[in-house]
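Chemist: okay, here's the prediction I keep looking at, along with the sequence it came from:
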Amino acid sequence: MAITRRAAIAGGLAAPFVIRQGASAQAPSRSETLLLVQEYGPNSLDMQGIGSSQPVNGVALNCYDRLLRFKPVPIPGGGGHQVAMGELEGELAESWQLASDGMSCTFKLRDAKFHSGRPVSARDVKWSLDRAVSIGGFATTQMNAGSLEKPEQFVALDDKTFRIDFVRKDKMTMPNLAVTIPFVFDSELAIKNSGGDPWAKDFLKNNIAGSGAFRVESWKPGVETIYVRNDDWACGKRPQLRRIIARDIASPSTRRALIERGDADISYGLPPKDFKDLADAGKVNVVGVPIPNGVWGLYLNAQVGPFKDVRLRQAVAWVLPYDKILQASLFGRGVDMSGGPELPKPAWPQPFPYKTNLDKAKELVAAAGGGFSTTLQFDAGNATVAEPMSVLIKEALGAIGINVEISKVPGANFRTEIAKKTNPMTLNRFAGWLDYPDYYLFWTMHGNNSIFNIANYQNPELDKMIDAARFAGDRADYEKTVVEFIKLVNREVPMIPISQPTHDVAMQKSIGGYQFQPCREPDFRYLTKA
C-alpha cells in the first residue's frame, strides 16, 4: 500500500506523543501537547555560550529562571500579552529592596528547586551571574549593558539572600536582570560535570541545569527539541501544557501547510506574505506586535572595504527602494524607516532623512571614485524576508555602478560570521531587549564593538554621547543627547534602517495565553490549548 505524504506527516507528528519512560507513565493528552513548527532550532542549550543562535534564547526563557521578569500587559490590538519593559516582577526573587543610596539591591529568594531536586540558593545565583560577566562574548557584553561587570558585585549573604552592588547608577541595571542572559544554573551540577572548566561550557552546551517551567527531554539539532513540564516549578502558575514538540522544518510552505491543515498548533518565522494570507483567510489566529527597539537594517562595514568612505554609505542610503522593499519582502507588515525629518525625535526606531533619490546616489558614487564590486550577506534563517530584500538591494545598487554578490550564511553560523567583522555589507534584523535609543546604539554602533556592531563602526564622539545618555539623570539632558547622536548616525550611516518589523505568530484558534517576549522566542509557560 502506498503511503501518502500527508499520512507520513501525520505519522511523524503522532510519534512524539508516545511516552518512552515506562508503561505506567501517562502520556500527555493532545490538549496538553503543543506542536511548534519553526525554520531552525537551537544550536546549543546554553545562551551564555559563545556562538549560540537566536533560538537558544527560547531554551533559556523556558528552562531557566531569572531573579526578575517583565510584567505582562495586554497587546493593544488583542491576541494575548506583551511585556512592559519598564515594569518588573519577581521570578526567583520573592522580593527585593533598593538601598537608600541607590547603589545596591538585596533580593530574597523564593523556595524553588532545580530540576535535579536541589534547592535554589544565593550561591547558585552568584555562580551564574559570575559566569555571565566572565564568560565573554554576547553574554558578558549584555551584562555590561546594565553595568553588571565583575563578580565582586554579586554577594551571597545567606542561602536565601543575595545582593548586587552597583558600580554606578544605571537605569538599565534592574531591567537587564529580566532579559534571558542572567539566568540561574544549578551550580553544583554544573561544577560536578565541568571536567575542570570553571564555567562547565561543554556540559551546559549539551545539558539543562535549571529550575524553569520546562526541561529538555530530547534535543536533536536540526530536527527537533522536545520539552516536558517541570511540575515543581515555583516561579509561576504550573503551565497547562505538559509537552512541547518544537520541530525544525526548513520549508516555509510546508510549515504553512501544517498550520492551515491543523496538523501543527503554532508557527513563528513564516514569510510575511504567508502571515498576511493567513490573517486574511481567518482560519487561524495571527498576532503581530511591532518589535520594540527593532529594525531591519543594512550594515556597511566602516573599517574594512569600500564603505570606509562615508560618501558611499550615504549613496546606498539614497538609492535603496524603500517602498518596494516594504511591499515585496514584508508585504506591509512593518513600518517604513525612510523619509523622516531632518531634526529627529528622541526615540528609536524612527524614520531617518533618506529616501530614494537616484541622482544624489550617482553623484556620491562618482565623487568617491566610481563603481566597484562587493558582497552582501544575510542569515539564511531569515531568508524568507532577507532574500527578496537582498535582490532588490542588488538591483538598486547596480543602477549606480555597484555590483553586488549575495551570500546566504546558514543560520547556525551567522553569529560566528558577523563576529569576524570582515564582510562589506550585511543585512540583519536586530532588536534591543531594552527599549531605549541609547541601548540600541550601545549594541550596534558603540566602540565596545559588540558582536552586533556589524558595521564595525568606531567613533569616540558617538561613544561619548551614548554613554552620556545611558547615565543621564535629567530627562531634558537625556533627550537632547539622544537627538544629537541620532543626527550623527544619520550623517555617518553605519547602518541604514529599512523597516521596523512586526513579530508575527500563527496559532490555531484553540491556542490561548500567547505572550510576546523581547527575545522574540516562544514563551511556552503561559500557553494554553483547548
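Modeler: Arrived safely, thanks for sending.

Chemist: going forward, measure contacts and count neighbours with C-alpha atoms only.
Modeler: Will do.

Chemist: helix or strand with the lowest mean pLDDT in the protein?
Modeler: Lowest mean confidence among the helices and strands of the chain (mean pLDDT, DSSP states H and E): helix 5-14, at a mean of 40.

Chemist: C-terminal to that helix, what's the next element?
Modeler: Scanning forward in sequence from helix 5-14 by DSSP states H and E, the next helix or strand is strand 33-38.

Chemist: quickly run through the sheet partners of that next one, with directions.
Modeler: strand 243-248 (parallel), strand 266-268 (parallel) (DSSP bridges).

Chemist: Lys169 is nearest to which of those?
Modeler: Ranking these by proximity to Lys169 (Cα to Cα) places strand 266-268 first, at 37.6 Å.

Chemist: remind me what the helix or strand following the closest one packs against, helices and strands.
Modeler: Next helix or strand after strand 266-268 toward the C-terminus (DSSP H and E): helix 272-281. If contacts are counted by 3 or more Cα pairs under 8 Å, 6 or more residues apart in numbering; DSSP states H and E, helix 272-281 sits against strand 285-290, strand 495-507.

Chemist: please work out which of the ones you listed is packed deepest.
Modeler: Among the helices and strands packed on helix 272-281, strand 495-507 has the highest mean neighbour count (mean count of other Cα atoms under 10 Å), at a mean of 24.

Chemist: strand partners of that one, parallel vs antiparallel please.
Modeler: strand 266-268 (antiparallel), strand 285-290 (antiparallel), strand 294-300 (antiparallel), strand 334-336 (antiparallel).

Chemist: ok, back up a step: how about the strands paired with strand 33-38 in CSV, adding mean pLDDT, distance to Asn357 and mean neighbour count?
Modeler: Below are those laid out as CSV (pLDDT from 0 to 100; distance: least, Cα to Cα, whole Å; neighbours: other Cα atoms under 10 Å):
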stretch, mean pLDDT, distance to Asn357, mean neighbour count
strand 243-248, 98, 42, 23
strand 266-268, 95, 35, 23
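
Chemist: can I get those strands in TSV with distance to Asp359?
Modeler: Listed next are the strands paired with strand 33-38 as TSV, based on distance: least, Cα to Cα, whole Å:
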stretch	distance to Asp359
strand 243-248	45
strand 266-268	40
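
Chemist: what's the closest of those to Lys487?
Modeler: Among the strands paired with strand 33-38, strand 266-268 comes nearest to Lys487, with 34.9 Å by Cα to Cα.

Chemist: got the contact list for that closest one?
Modeler: Contacts to strand 266-268, defined as Cα atoms under 8 Å, 6 or more residues apart in numbering, come from residues Leu34, Leu35, Leu36, Val37, Gln38, Arg255, Ile259, Asp504, Val505, Ala506, Met507, Gln508.

Chemist: which one of those sits closest to Trp348?
Modeler: Asp504 (20.4 Å).

Chemist: hey, what's the closest one bridged with?
Modeler: So, taking DSSP bridges as the rule, Asp504 has Gly288 as bridge partners.

Chemist: for the remainder of this discussion, apply numbering that starts at 16.
Modeler: Taking 16 as the first residue, the last one we looked at is Asp519.

Chemist: separation between it and Pro305?
Modeler: Plainly put, Asp519 is 9 Å away from Pro305 if you go by Cα to Cα, to the nearest Å.

Chemist: and if you look at Ala383?
Modeler: Distance, Ala383 to Pro305, by Cα to Cα: 37 Å.

Chemist: next one: Ala272
Modeler: Distance from Ala272 to Pro305, counting by Cα to Cα: 25 Å.

Chemist: include distance to Asn191 when you put the strands paired with strand 510-522 into CSV, please.
Modeler: Converted to CSV, the strands paired with strand 510-522 look like this (distance: least, Cα to Cα, whole Å):
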stretch, distance to Asn191
strand 281-283, 25
strand 300-305, 21
strand 309-315, 17
strand 349-351, 27
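
Chemist: can you list contacts of stretch 103-116?
Modeler: 80-86, 119-125, 127, 190, 193, 250-251.

Chemist: try 6 Å
Modeler: With contact meaning Cα atoms under 6 Å, 6 or more residues apart in numbering, stretch 103-116 is reached by 81-86, 119-125, 250.

Chemist: give me the buried subset of those residues.
Modeler: Among the contacts of stretch 103-116, those buried by neighbour count (16 or more other Cα atoms under 10 Å) are 81-86, 119-125, 250.

Chemist: sort out for me which of those residues are in strands.
Modeler: The strands, defined by DSSP state E, take in Leu83, Arg84, Phe85, Lys86, Ser119, Cys120, Thr121, Phe122, Lys123, Leu124 from the buried ones among the contacts of stretch 103-116.

Chemist: now flag whichever of these is closest to Pro236.
Modeler: Arg84 (28.3 Å).

Chemist: can you read off the pLDDT for the closest residue to that closest one other than its chain neighbours?
Modeler: Nearest non-adjacent residue to Arg84, counting by Cα to Cα, 6 or more residues apart in numbering: Ala193, 4.4 Å away. Looking at Ala193, its pLDDT is 97.

Chemist: which stretch of helix or strand covers Ala193?
Modeler: Counting by DSSP H and E, Ala193 is found in no helix or strand.

Chemist: picking up where we left off before, dump the contacts of stretch 103-116 into JSON lines; add distance to Pro359 and pLDDT as well.
Modeler: Below are these laid out as JSON lines (distance: Cα to Cα, whole Å; pLDDT from 0 to 100):
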{"residue": "Arg81", "distance to Pro359": "36", "pLDDT": "98"}
{"residue": "Leu82", "distance to Pro359": "36", "pLDDT": "98"}
{"residue": "Leu83", "distance to Pro359": "34", "pLDDT": "98"}
{"residue": "Arg84", "distance to Pro359": "32", "pLDDT": "98"}
{"residue": "Phe85", "distance to Pro359": "29", "pLDDT": "96"}
{"residue": "Lys86", "distance to Pro359": "30", "pLDDT": "96"}
{"residue": "Ser119", "distance to Pro359": "36", "pLDDT": "98"}
{"residue": "Cys120", "distance to Pro359": "36", "pLDDT": "98"}
{"residue": "Thr121", "distance to Pro359": "39", "pLDDT": "98"}
{"residue": "Phe122", "distance to Pro359": "40", "pLDDT": "98"}
{"residue": "Lys123", "distance to Pro359": "43", "pLDDT": "98"}
{"residue": "Leu124", "distance to Pro359": "44", "pLDDT": "98"}
{"residue": "Arg125", "distance to Pro359": "45", "pLDDT": "98"}
{"residue": "Cys250", "distance to Pro359": "42", "pLDDT": "98"}
